[in-house]
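1. Below are the sequence and a predicted model for it; my questions follow.
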Amino acid sequence: MEKKPLQIGQFAEQSRRYEEADVLAFAKLTGDDNPVHLDAEAARKSRFGQRLVHGMLAASGIATLLGTRLPGEGTVYVAQNLKFLAPVFLGDEITARVEIVSIREDKPIITLTTTCHKADGTLTVQGEAVVYYP
């Protein structure tokens, strides 16, 4: 099947609910054992009042979309900036979204806005990705 040409305004999104097992696996893989993610009592005493999903775990849906959906297979990051705007808690469903905002004509490079939001619409992550695509 032939791929459609990429266009400004084209987007992809996916949703995922982050649970205990996800946070534990991420902590083990990365070594990020900050108590606000892993210790319910420490998290309760924090300004958030409960355990947080790691910010980079919550934002990882962006990378998944870039590498599998838009632009898709073979895509490689050139740059990514992220602003973490609201906490993500265990059990939150997060929708990641990428949208093409520019396509270079001289090189196979595109820029996309990147966002993550909760099911209630709360924006949790906002940024921009620049990717190379084959």
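-> Alright, I've got the coordinates.

2. List the beta-bridge partners for the residue lying closest to residue 7 once chain neighbours are set aside.
-> With sequence-adjacent residues excluded and distances taken as CB to CB, 6 or more residues apart in numbering, residue 7 is closest to residue 100, at 6.7 Å. In this view, the C-beta of every residue, glycine as well, is placed from N, C-alpha and C. Beta-bridge partners for residue 100, by DSSP bridges, are residue 112.

3. List the contacts of residue 100.
-> 6-11, 70, 110-112 (CB atoms under 8 Å, 6 or more residues apart in numbering).

4. buried ones in stretch 62-75?
-> For stretch 62-75, burial by neighbour count (16 or more other CB atoms under 10 Å) applies to 62-63, 65-67, 70-71, 75.

5. no no, stretch 83-91
-> 87-90.

6. What lies in contact with that stretch?
-> 17-20, 23, 48, 50-53, 55, 58-59, 94, 116, 118, 122-127.

7. quick one, what contacts the residue nearest to residue 103 when sequence neighbours are not counted?
-> Among residues not flanking residue 103 along the chain, residue 110 sits closest, at 4.9 Å (CB to CB, 6+ apart). By CB under 8 Å, 6+ apart, the contact set of residue 110 is 6, 71, 100, 102-104, 130-131, 133.

8. The same query, at a cut-off of 7 Å, please.
-> Residues in contact with residue 110 (CB atoms under 7 Å, 6 or more residues apart in numbering) are 6, 71, 100, 102-103, 131, 133.

9. and the helix or strand where it lies, C-alpha only, in CSV?
-> According to DSSP states H and E, residue 110 maps onto strand 109-118. The C-alpha trace of strand 109-118 is given here as CSV (Å, rounded to 0.1, in the frame of the first residue of the first chain):
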residue,chain,number,x,y,z
ILE,A,109,12.5,17.1,8.0
ILE,A,110,9.2,18.0,9.5
THR,A,111,8.1,20.0,12.6
LEU,A,112,5.1,18.9,14.7
THR,A,113,3.3,20.3,17.7
THR,A,114,3.2,17.7,20.4
THR,A,115,0.6,17.6,23.2
CYS,A,116,-0.8,15.3,25.9
HIS,A,117,-4.0,15.9,27.7
LYS,A,118,-6.2,14.1,30.3
